[in-house]
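Participant: Fold the following for me, if possible:
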Amino acid sequence: MTSLDGRQTPKTRALPQNRTALVAALDIGTSKVACLIARLKPCAPSEALRGRSHAVELIGISHIQSLGVKAGAVADLVQCEQSVRQAVAVAERMAKVRVESVLLSVSAGRLQGQLMEATADIHRGTVAQDDVNRVIGTGMRHATGPGRSALHALPVSYSIDGVKGIRDPRGARDSMFAVTPIKDHSFSTSGDYERGFVKDGVRYHHILDPHTGQPAHASRSVTIRAKDAFTADAWSKVLFIDGWEEGLKIIKDNKLDDFEVVWVDDQNKVHTTPGIDQDLKRLKDPTPGI
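Facilitator: Next up, the predicted model:
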């Protein structure tokens with residue numbers, strides 16, 4: 001176990017706005033070791049960068065040859081320690097200060113993204129921000145494996161009391177045209193409304209048809225209910241691109257069981273597989289539009 005197992009990436013403590021502080025950063029590489037020492041000074045809001053309260057004054061810098069490191073890994077701990085101590089000492093002499101700690105740059109494995117689902121009990125009659133934060137925290141803990149840390153979590157959908165809302169493709173961002181129970185299942189939706197624009201009466205978006213290289217237009221959205229999140233996410237864009245008629249054939253040919261789909265086609269009509277039609281509660285017709 002490491003300090004990163006199942007946790008969010010550690011963050012430094014916020015510095016009081018009226019306080020000056022020293023900060024040192026250390027980068028250990030295969031070819032060189034670099035150390036930067038800076039003084040954080042309070043400044044007026046008009047002079048600070050967005051989201052910052054202090055100005056940075058660089059007062060010490062060093063970079064020396066790295067010893068004891070090969071291919072990004074420490075091969076000789078004694079030599080590596082000597083390189084680090086020398087780099088810090090040179091930067092300290094330039095800055096005329098003594099540092100007690102440094103921020104260390106650590107290499108890691110490649111970034112990964114996962115689609116996770118998490119649930120939490122609500123202790124009040126309404127959903128509050130702390131309830132949302134608790135669910136996100138639970139998902140982040142389950143998403144990280146041994147030796148890994150979660151950098152960021154982005155909620156992409158939600159359900160309340162076991163009911164999943166299906167977004168209206170041409171409605172407002174929080175507008176749903178139908179709901180369906182989600183007990184013991186996962187959902188994934190692909191839509192042409194997330195990243196795109198309309199020009200000259202044509203909608204251009206991020207889901208491309210591999211046969212044409214152009215945005216796919218057989219569907220406006222596809223929502224899949226499956227036994228796990230991986231299956232739902234893996235098929236959502238395929239069935240979006242091929243449309244509902246071809247999609248039904250794909251489901252049959254691949255013998256996808258416990259697998260249900262809701263399409264909103266290019267004519268704004270709703271199509272479903274038989275298994276979800278009986279559970280689907282339509283709140284309204286999807287909003288018309290390009």
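Participant: who's in contact with the host helix or strand of Phe187?
Facilitator: Applying DSSP states H and E as the criterion places Phe187 in strand 186-191. For strand 186-191, contacts defined as CB atoms under 8 Å, 6 or more residues apart in numbering pick out 115, 117, 157, 159, 164, 166-167, 169, 207, 220-229, 231-233, 235-237, 239-240. Where C-beta positions appear, they are placed from N, C-alpha and C, glycine not excepted.
Participant: Which of the helices or strands spans the nearest residue to Val222 once chain neighbours are set aside?
Facilitator: Nearest non-adjacent residue to Val222, counting by CB to CB, 6 or more residues apart in numbering: Phe240, 4.2 Å away. Per DSSP H and E, Phe240 falls inside helix 229-253.
Participant: Please list only the buried members of the contacts of strand 186-191.
Facilitator: In these, burial by neighbour count holds for 115, 117, 159, 164, 166-167, 169, 207, 220-226, 229, 231-233, 235-237, 239-240, counting by 16 or more other CB atoms under 10 Å.
Participant: what pLDDT does Gly171 get?
Facilitator: For Gly171, the pLDDT comes out at 88.
Participant: Now do it against Gly145, distance only.
Facilitator: 38 Å (CB to CB, to the nearest Å).
Participant: Then Thr272?
Facilitator: From Thr272 over to Gly145 the distance is 36 Å, taken as CB to CB.
Participant: which one of the two has more residues nearby?
Facilitator: Neighbours per residue, other CB atoms under 10 Å: of Thr272 and Gly145, the larger number sits with Thr272, 19 against 11.
Participant: The residue lying closest to that one once chain neighbours are set aside in helix, strand or coil?
Facilitator: Nearest-residue entry for Thr272: Val262, 5.1 Å, with adjacent residues in sequence omitted and distances by CB to CB, 6+ apart. Classification of Val262 using DSSP: H, G, I helix; E, B strand; the rest coil returns strand.
Participant: you'd agree Val78 is up against Gly68?
Facilitator: Yes. The pair Val78 / Gly68 is scored as a contact, 6.9 Å apart, by CB atoms under 8 Å.
Participant: more neighbours, the two?
Facilitator: Counted by other CB under 10 Å, Val78 and Gly68 do not tie: Gly68 has more neighbours, with 18 against 8.
Participant: Which residue comes closest to the more buried one once chain neighbours are left out?
Facilitator: The nearest residue in space to Gly68 (CB to CB, 6+ apart) is Gln79, at 3.1 Å.
Participant: I'd assumed that neighbour was in a helix, is it?
Facilitator: Yes. Counting by three-state DSSP, Gln79 is part of a helix.
Participant: ok so Asn63 is a helix residue?
Facilitator: One thing to correct before we go on: residue 63 is His, not Asn. No. Looking at His63 with three-state DSSP, it is strand, so not inside a helix.
Participant: ok, it - contacts?
Facilitator: Contacts of His63 (CB under 8 Å, 6+ apart): Lys32, Val33, Ala34, Cys35, Ala87.
Participant: Ok, Ala25 next?
Facilitator: Neighbour list for Ala25: Cys35, Leu36, Ala38, Val102, Leu103, Leu104, Ser105 [criterion: CB under 8 Å, 6+ apart].
Participant: Good, wrapping up.
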